[in-house]
Each structure stands twice: as structure tokens, then as C-alpha cells.
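Participant: Predicted structure and sequence below. I'll ask about it afterward.
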Amino acid sequence: MFSISLFGQTKTDEGKGKVSYISSQNVYVKFESTEKIEVGDTLLINRNGQLIPALVVNSKSSISCVCTPLISGRINVADEVILQIKHSDPALPQEDEVAAGALVEADIEDQPLGTEDPSVGQMDTKGPRSAFKQNITGRVSAASFNTFANSRDYNRFRYTFYFRGDHLGNTGLSVESYITFRHTLGEWEEVKENVSSALKLYTLALKYDFGKASRVIAGRHINHNISSIGAIDGLQFDQGLGNFTIGGFVGSRPDHTDYSLNFDLFQYGVYLGYGFKSEGRYMQNTLAYIEQRNSSNIDRRFIYFQHSSSLARNLFLFGSMEVSLYENINNDPKTTVDLNNLYASLRYRVSRKLNLMVSYDNRKNIHYYETFKNFIDQLIDEETRQGVRFHGNYRISKNIVWGLNTGWRFQKSDKNLSRNLNSYLTFNRIPGVNVRTTLTVNFLRTNYLDSKIFGIRISKDIVQRKLYGDIRYRWVDYDYLNYETASSQNIVGANLSWNIIKRLSLYANYEITFDSHDIHYHQFYTRIVQRF
């Protein structure tokens, strides 16, 4: 791995936004205005006093950006994101202002796990920190998800509490919690039998900073240095030594079935990190040794490695992998050296108009403890995440952006083969009506399924910075090859996002699905959010 010093004739201002929504592929960020943001810009996140590159802008609307994550770890809804707006030297030629946009999904869900997408978070390098200063943010929300179909009705309710208090009382003590409670109407007995089936503690931790470069964390917390292993219940610590970081943890893993505490899943580990960031270049590395147990038996030992760097001007590399040293599968323990859970991505910003990215992913499938995705969206996620993927977007003109994604999942036996092609074309600020329109097409073929999806979405700021709405339509056709069963769907939806007052928001979403087998689905999603 290597890095090259870069020099440029630019000066920077800082603009701030907040993460509003996290999907399996993208991170959505809201700003007061995106007038000075360009497609291809990099957004930064503050980690322990240092700004690290975290997101790249793929497309935008007037107040929101659709971004691709660059880092592998925890990014939360409501995290502050910083844009370094670059202004060219007056002596240099300048291009037209970028106004390319894409429809941004409304902030319809507090996604608790940013790890479903391959590139979220990264190592916290321990450079100098600013003096302790109290900063408190949080939100409470209540949501309902209602489905009405020919066969049965389904009503779910979800309540969320998020609180983050950094350096309470200007001391080294910080606290963070992310808690949800959800239940289904008519199924309260299940909640009484096992409260953990409804109550999810995604984060609940105390942190204490000892000076500028060391800290200890107690509770449930995802460590950004070793983010792929998920949440850790127990004690974590790290110590910064210049550009190096040493750390470790001892505790347990959440229960696999309901995410509750399970002290039988004991684990511990140590890690060593190295990183630096200077003008125009950066690099972070983490090397960890981890042992996980099931009851008193060793379940797995492995080495984890994570790397992120700028290889050259506008060329960025991210990678993570695990090397198993010991495994116990189906009561068959064995010592082995096996490379698995490998992810690597290379991103190149060719110009202000063209961005390219290639990635490889052979990590294990993701288990969702809760999701509001419909069937076809879940299917696409499951069948397209692994394998080789290519991504590119091109700004055709000031108001038009074209994007293309294609992927290929392969195995020696071809038992799990998957090919996927997805493309979109976005028209921003159509003259006369001032709306944004996005056309999409998706083709997916696996060993058992052949599907085609065509869609259109139209959105508009109905009242500037107060009321946002969109309407959408998708035609879905999929054929189960092994069963000679075909089906088609027409999906129509609408969404409204209303900023009632500065920190109080209301979201409403409706979708109806017309199935070729005369099965109709109506889905309503509403959520009210109070931030503080």
C-alpha cells in the first residue's frame, strides 16, 4: 500500500448537513441547501476530533444528496456530515455549476444497522483532540406500518429513542443510546413471552475519555476500528500513540435470534491501528486478533484486517477481510487458514462529470432483525450484494445525470449464479414545472428467477424547506424458472415529508400493489419525529 502527496490550488469552506436515511446501498444526507455541492464531492464525518472521508455524492436534489459510503463501520441517522466546498483559484478555468439531481427517498426509517452496506465507518485514528465540550443531540419518534391485503391485515408500530451526549458537563464522560420497541397489533402475547422480540437495544453505552488519546467504553457499542464483527457487549478500550492506536475488548455477542444479551457467546480481541491524514492524502489500517466462544467451547478464532487510503489523486481504496485460524462447524473443530468475508472497492473520480467504482464482495449474507422493505426490494438486495460490481455515473449536462450499476455473482459450481443490471436517468428542475424526474430500469437473473423492473419517480418541493412530496410507479415482472410460474405487479406510491416546525417532522407514505393473480396490497407508513 502506498500514498502520494498531493497539492492543489484550492481553499475550503465548511457546510454541514445531517444523515436522514440509510438504505442497503446508499446514505441520504440533508442540507439547508445543496447549491454549492457537486456530484462527486466527498463528505466528511468527525471521529474523535478528526475529519475522515466518509461519503461521496452520487446525485442531489435542492436540499438532499444521495451518497455512496466509503468507510466500513457505524454511520447513524442524524450524524453530522461536513462538506468541504472547494472554490477554484480565480486564475483557473471553471465549469458550470452542477445542478444534476436525483430523487431522494424521504426519511422514512431510522435504520439501526449501517453495516448492511459494505462501506460504512472506519478506524478512529488518535490524533490531537480538542478540549472537552458538551454536545447533546437526540430524537424520539413513533411510527406505524399498516398492510392491507386480500388475505389478512397487518399493523406494526415502532417507537424509537436516540440520545447522544458527548462530554457531559464538559468532562470526559459521554453516553449514547439507540433503542426501539416494535409490536404487531393482536400479537401482544408474543411480546409478554419474550420482550426481546420487541425491544431492541442497538446501542447503549458509556464512554470515558482519559485525556486526548485514550478511552474506555462500557455497554453495547460497535467499534469503528473492527466494525464488521458487529456490536460488542462488554468493555472496550484504546490508546493512541502518535499515528498508532492499540486497543482491545472483552465481552459477548448479541443473541443471534433476538439481539438480546447472551453471555454464553463470549468473545475477546486485541487490535493495532495505524493512520494519518494530511493535505490531500490519508491512510488508515487496522489489524486485529479475535476469539469467539459458544458456551465454554471455542467457536472461532480469526484475524481481521481493514484498510482505507488515497492511492493517487481522485483514486481511493477500501478493503476488509477475515482470515479464519480455527473453526467449529457442526461439531467438527479444525485448525485452518481460510480467507473469508472479503470486501474491496476502488473508486476513481475521472472528472467532475464522471465517477467510476468497482468492488468485490464475498461476505456472508446479512440478517435483518427488522425491515420495512417490500418483497421485490428484499429480493434484489439478497441477490445482488455479493460478487463483482461496477458502478458509474455521468453528468450529461447541467440538469441530467445518468448512472449504471452492474453485478455478477459466481461460484465454481454455478449453483448460486446471479447477474444484475440497473440504470437510472435523472432530470433535475424540469423547466416550467420545477420538478425532478428519475427513470429506472433493473434486470436480474439467477438460477431460479428472471425479473424485469421499470420505474419512474417525480418529486417536487411543494413548499420550500417545509413540504416535500413525490409520486412513483414501478412495473415488475418476475418468472420462477424452476416452477414455470410467472407474475407481474404494478406498484404505485406517494410520499409527503412535512417539517412542521424546526425540529418536528411528519412523514407519510402510501403504496398500492396490483398483482397479476388478483392479490392487492395496500401499505401505509407514517412517522412523527421530534429532535432535540
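Facilitator: Happy to help now that I have it. Because the structure is a prediction, the values reported are computed rather than measured.
Participant: all contacts plus neighbour counts: C-alpha atoms, from now on.
Facilitator: Fine.
Participant: Quick one: mean pLDDT over the helix or strand Ser423 falls within.
Facilitator: Assigned by DSSP states H and E, Ser423 belongs to strand 418-427. In this model, strand 418-427 carries a mean pLDDT of 91.
Participant: what pairs with it, and is each one parallel or antiparallel?
Facilitator: strand 400-409 (antiparallel), strand 436-446 (antiparallel) (DSSP bridges).
Participant: for the last one, which positions count as buried?
Facilitator: Pointing back at strand 436-446 there. For strand 436-446, burial by neighbour count (16 or more other C-alpha atoms under 10 Å) applies to 436-446.
Participant: Make JSON lines out of those residues and add pLDDT.
Facilitator: Formatted as JSON lines, the buried residues of strand 436-446 follow (pLDDT from 0 to 100):
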{"residue": "Arg436", "pLDDT": "90"}
{"residue": "Thr437", "pLDDT": "93"}
{"residue": "Thr438", "pLDDT": "93"}
{"residue": "Leu439", "pLDDT": "95"}
{"residue": "Thr440", "pLDDT": "94"}
{"residue": "Val441", "pLDDT": "94"}
{"residue": "Asn442", "pLDDT": "91"}
{"residue": "Phe443", "pLDDT": "92"}
{"residue": "Leu444", "pLDDT": "88"}
{"residue": "Arg445", "pLDDT": "87"}
{"residue": "Thr446", "pLDDT": "83"}
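Participant: first to last residue in stretch 442-450, what's the distance?
Facilitator: With C-alpha to C-alpha, to the nearest Å as the measure, stretch 442-450 spans 11 Å from end to end.
Participant: quick one: contacts of it?
Facilitator: 380, 383, 415-423, 451-454, 478-482 (C-alpha atoms under 8 Å, 6 or more residues apart in numbering).
Participant: and the residues you listed, which are buried?
Facilitator: 383, 417-423, 451-454, 478-479.
Participant: which two from the residues you listed end up farthest apart in space?
Facilitator: For the buried ones among the contacts of stretch 442-450, the farthest-apart pair by C-alpha to C-alpha is Leu417 and Phe454; their separation is 22.7 Å.
Participant: where along the stretch 351-500 of the chain do the helices fall?
Facilitator: Assigned by DSSP state H, counting those that start in this stretch, the stretch 351-500 of the chain shows helices spanning 375-384.
Participant: how about the strands in it?
Facilitator: 354-361, 387-397, 400-409, 418-427, 436-446, 449-463, 467-480, 485-501 (DSSP state E, counting those that start in this stretch).
Participant: do the same with the stretch 151-300 of the chain
Facilitator: For the stretch 151-300 of the chain, the strands defined by DSSP E, counting those that start in this stretch cover 153-166, 173-184, 199-210, 214-222, 231-241, 244-252, 266-278, 281-294, 297-312.
Participant: send the alpha carbons of the fifth one over as CSV?
Facilitator: The C-alpha atoms that make up strand 231-241 are tabulated as CSV, following Å, rounded to 0.1, in the frame of the first residue of the first chain:
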residue,chain,number,x,y,z
ALA,A,231,-21.9,-4.9,18.3
ILE,A,232,-19.9,-5.8,21.4
ASP,A,233,-21.5,-6.2,24.8
GLY,A,234,-18.8,-5.5,27.4
LEU,A,235,-15.7,-3.4,27.9
GLN,A,236,-13.6,-1.8,25.1
PHE,A,237,-10.5,0.4,25.4
ASP,A,238,-8.0,2.0,23.1
GLN,A,239,-4.9,4.2,23.5
GLY,A,240,-3.4,6.5,20.9
LEU,A,241,0.4,6.7,20.5
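Participant: Ile519 is nearest to which of the strands of the stretch 151-300 of the chain?
Facilitator: Of all the strands of the stretch 151-300 of the chain, strand 153-166 comes closest under C-alpha to C-alpha, at 12.9 Å.
Participant: about what we covered before: quick one, the strand holding Ser423 and strand 387-397 angle?
Facilitator: 20 degrees (axes from the mean of the first three to the mean of the last three C-alpha atoms, to 10 degrees).
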